[in-house]
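Student: Quick one, what's the 3D model for this:
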Amino acid sequence: MLNDATENVQMARLSQVARALGHPKRIAILNALMQGVQCNCEISAQLGLADNLVSHHMRILEETGLVQSERDPDDARWIYYSVAPEMLAEVRATLHAFFDPARIQPRQPVCGPAAGREGDASCSPCP
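Tutor: Next up is the predicted model:
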């Protein structure tokens, strides 16, 4: 079992990734990058997006850590993007753990008839 601080960090990270992947164009970009390293203009042509829009989405994906970039060693104007495999593995493991059906626990009543506190003034029925 994770401690609360570690779990909070993981949930915040998962939320950040979910927000980044919450846009269909970013999912499409990530899917395109799963085919291998590409530059901005290749992704732009493949997805029919303006270069500046691809750059905008790439920035968000890079900030999340899902995508990494590398400048061409001979001409720094060219930037090549790829999926960050370590981050992909981390997201996959976190999602797998989060959506594990074994995590679903039965109700542990703390109030109400099942807890024997039906007449307790500190435990009133839900509105």
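Student: Would you state the helices of the protein in chain order?
Tutor: Along the chain, counting by DSSP state H, helices occupy 4-20, 24-33, 40-47, 51-64, 85-98.
Student: is it possible to export those helices to a markdown table including distance to residue 74 and mean neighbour count?
Tutor: The way it works is simple: take the backbone N, C-alpha and C, and place the C-beta from them, glycine included. As requested, those are exported to a markdown table (distance: least, C-beta to C-beta, whole Å; neighbours: other C-beta atoms under 10 Å):
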| stretch | distance to residue 74 | mean neighbour count |
| --- | --- | --- |
| helix 4-20 | 31 | 13 |
| helix 24-33 | 22 | 16 |
| helix 40-47 | 17 | 16 |
| helix 51-64 | 21 | 16 |
| helix 85-98 | 25 | 13 |
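Student: out of these, which comes closest to residue 71?
Tutor: Closest to residue 71 of those is helix 40-47 (C-beta to C-beta; 11.8 Å).
Student: contacts for the closest one?
Tutor: The list of residues contacting helix 40-47 from outside it, by C-beta atoms under 8 Å, 6 or more residues apart in numbering, reads 25, 28-29, 32-33, 38, 49-51, 53-55, 58, 79, 81.
Student: what's the answer for stretch 10-22, then?
Tutor: By C-beta under 8 Å, 6+ apart, stretch 10-22 touches 2, 26-27, 30, 60-61, 63-64, 66, 91, 94-95, 98.
Student: ok, 7 Å please
Tutor: For stretch 10-22, contacts defined as C-beta atoms under 7 Å, 6 or more residues apart in numbering pick out 26, 27, 60, 61, 64, 66, 91, 94, 98.
Student: Low-confidence bits of the protein, can you list those?
Tutor: Along the chain, the parts satisfying pLDDT under 70 run over 1-2, 116-127.
Student: Go ahead and flag the most central residue of it.
Tutor: Among the residues of the chain, the one closest to the centroid is residue 17, at 2.0 Å (C-alpha atoms, centre = their mean).
Student: quick one: that residue and residue 97, what's the gap?
Tutor: Noted for residue 17: a distance of 14 Å to residue 97, by C-beta to C-beta, to the nearest Å.
Student: wait, residue 83 sits on residue 32?
Tutor: No - using C-beta atoms under 7 Å as the test, residue 83 is too far from residue 32 to be in contact (9.8 Å).
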